[in-house]
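> Need a 3D model of the following:
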Amino acid sequence: MALRIEDYALIGDCKTAALVGCDGSIDWLCWPRFDSAACFAALLGDAGNGRWLIAPVHPPLSVRRHYRPGTLVLETIFETETGTAAIIDFMPPADGANLVRIVTGRSGRTTLQTEFVVRFDYGASVPWVTRHEDGTIDAIAGPERVILRTAAPLSGEDLKTIGEFTVEAGQSVPFVLSYGSSQSPPPAIDAFDALARTEAFWRKWSGRCPETGPWTESVKRSLITLKALTYAPTGGIVAAATTSLPELPGGVRNWDYRYCWLRDATFALLALMRLGYEDEARAWRDWFIRAVAGSPRQIQIMYGVGGERWLPELVVPWLSGYEKSAPVRIGNDASQQLQLDIHGEMADVIFHSLKDGMLPDQHVHQLRLVVLDYLETAWRQPDEGIWEVRGGPQHFVHSKVMAWVAFDRAAMIDQVFGQSGSRWRQIADHMHAEICARGFDRELNSFVQAYGSKQLDASLLLVPIVGFLPAGDPRIRGTLKAIENKLLIDGEFVLRYSRDDVSDGLPPGEGAFLACSFWLVNNYILQGRYADARKLFERLLSRCNDVGLLAEEIDPLTGRMLGNFPQAYSHVGLINCALSLSRQMGPAEERANAREMPMAVMPAAE
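Numbering: from 1, shown residues only. Got it, this is the predicted structure:
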């Protein structure tokens, strides 16, 4: 039986990642990049398609786990009738591509077993496995190769490698799995030296995180998770480490999230900048600018970690999916959708980076102008919107508001540079009037999902956050009340839209998207409802799993995590809410009051 999604923890090296189950299994590992073919492709539980288990021979009396403070080094501790042993799992950031597991005896004597099933190409390719005289396991398939080095006795059986060994108190048995080209074996590394260097790397990096009131440790864990989901060679941040974990078990809402979404950009930028991680913020901003370079008509909502644009959506028929949730998808066709909100997101990223004194990329000014010229006409078109619907384009209000953001921020930037910005301001004012006239329903006393619709949408919570209208405006208060009445479950979970709304073109059924609940926290803050904001935020924090991680969604009925895991957007929401609750001017107020925030510098536009 598959573990629950929340039973997993993340390890990574800022180039790729693996998920470690609380039972000592590694059921998902992508090498050499987040979006590459997987070395293990079990999709959390299907051992025949790849898995690596290290666990006591007999069921343990108890299992507990934690990250070593300030690091991405995971310890899973098994207590048995004869002794206690810990598995220390990590991926060294500085060494090639390695996954290290160190089994250490803590007390008594513990007998453990290991089962190593390696598959390439999302479980399709069974490699040619060789056991060398020194005990090394060498697995090759096509261009790829992994080598498993350990002193533990191993043998082959039914296309898998198995072994049994014993550790006593104070004794350690390391396992090192290294990835490389099939043409030459990856070099060996010292597991204990790698552990010391990995701990030092993470503690030095996370030690710069400032205090955020009572939520400092939660913020630090979310920050480490965000760093782990960053592809260090380019600065891109993937939405999640996995693909096709379902929004409803057994359903078809299974998407590949191992890509970089543009609409996450401003929230991620503000989170990194406000915590003092300027290098990471700049790398993310620069990745963003490089990714969208070119014709504005070809700007996509998402890209690969290197800025790749061709992300065709394929179905992997030989994988049954997590809890039989099919299809399993590789790639994402939403990359080809028209989603107008990303242009506003791009403008907001440029605005906030300039506001903080981040010198512009040499192409920023030129890119900004061509995008605005394109958007001047394109904003009138219907699009697929923030939720990437597959039921046809509509005139989504959120998309129109974000298009307004593009021109609003452009006018402010021009004004800072001593230019009038009157053209952009006139367009923004015209758009503002139309959105208020066509996107607000007087009968409902609320903004609605799309022009002419009676449906509500959680994305409307972003209307005051981006500064379209002040939080105290009666129309915003009415919208918030309507969302609380129609989309809020148990005072905690905000649905993206009504469960009877079939306009997205997919079968009904999904959990509550956690980012929406964090948006609600921000709305409470903006309206001065601090007690409500703190109460909701504390409830959301309690939904983190035992090692502080959040998925994309939560099932309001069962409390189970759903969707891809861990989800960068959920953790960015956690960080920004904590900052807004612990500071006089947090990211929520800063973004909502963008017009009133002074620029730190006035770099000359080229």
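> so where's the chain uncertain?
Within the chain, the ranges that satisfy pLDDT under 70 run 1, 359-362, 417-418, 420-421, 500-505, 597-606.
> And it, what are its domain boundaries?
5-205, 208-596 (automatic domain parsing).
> Throw the ones you listed into TSV and include mean neighbour count, thanks.
To be clear about C-beta, it is placed using only N, CA and C from the backbone, and glycine gets the same treatment. TSV is the format used below for the domains of the chain (neighbours: other Cβ atoms under 10 Å):
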stretch	mean neighbour count
domain 5-205	19
domain 208-596	20
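> what residue lies at the spatial centre of the chain?
A568 (2.3 Å; Cα atoms, centre = their mean).
> The stretch 301-450 of the chain: helices as residue ranges?
With DSSP state H, counting those that start in this stretch as the criterion, the stretch 301-450 of the chain has helices at 341-355, 364-378, 397-416, 422-438.
> Phi, psi for L526 please.
phi -60, psi -30 (degrees, to the nearest 10).
> To clarify, my last question referred to R263.
phi -70, psi -10.
> quick one: it and H343 touch, right?
No. R263 is not in contact with H343 according to Cβ atoms under 8 Å; the separation is 10.4 Å.
> between the helices of the stretch 301-450 of the chain, which gets nearest to A291?
helix 341-355 (10.0 Å; Cβ to Cβ).
> Next, the contact list for the residue nearest to the residue nearest to the centre of the chain when sequence neighbours are not counted, please.
Using Cβ to Cβ, 6 or more residues apart in numbering and skipping the chain neighbours, the partner closest in space to A568 is L229 (5.0 Å). Taking Cβ atoms under 8 Å, 6 or more residues apart in numbering, we find L229 in contact with G12, A17, F34, I237, V238, A239, A240, A241, P566, A568.
> let's go with 6 Å and repeat that
I237, V238, A568 (Cβ atoms under 6 Å, 6 or more residues apart in numbering).
> now the residues you listed in CSV, with distance to D89?
Converted to CSV, the contacts of L229 look like this (distance: Cβ to Cβ, whole Å):
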residue, distance to D89
I237, 23
V238, 20
A568, 21
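> Inside strands: which ones of these?
I237 (DSSP state E).
> Please identify which of the contacts of L229 is nearest to I102.
Closest to I102, out of all of the contacts of L229 and judged by Cβ to Cβ, is V238, at 27.2 Å.
> Surely that closest one is in contact with F34?
Yes. Between V238 and F34 there is a contact at 4.9 Å, judged by Cβ atoms under 6 Å.
> intersection of neighbour lists for the two?
Contacts common to V238 and F34, judged by Cβ under 6 Å, 6+ apart, are R258.
> quick one, strands of the stretch 501-606 of the chain?
512-513, 553-554, 561-562 (DSSP state E, counting those that start in this stretch).
> I would like the residues contacting the second one, please.
The contact list for strand 553-554 (Cβ under 6 Å, 6+ apart) reads E247, G511, A512, F513, R543, L562, G563.
> Could you check how far the last one is from R390?
Spelled out, it's G563. According to Cβ to Cβ, to the nearest Å, G563 and R390 sit 17 Å apart.
> Then the third one?
Noted for A512: a distance of 20 Å to R390, by Cβ to Cβ.
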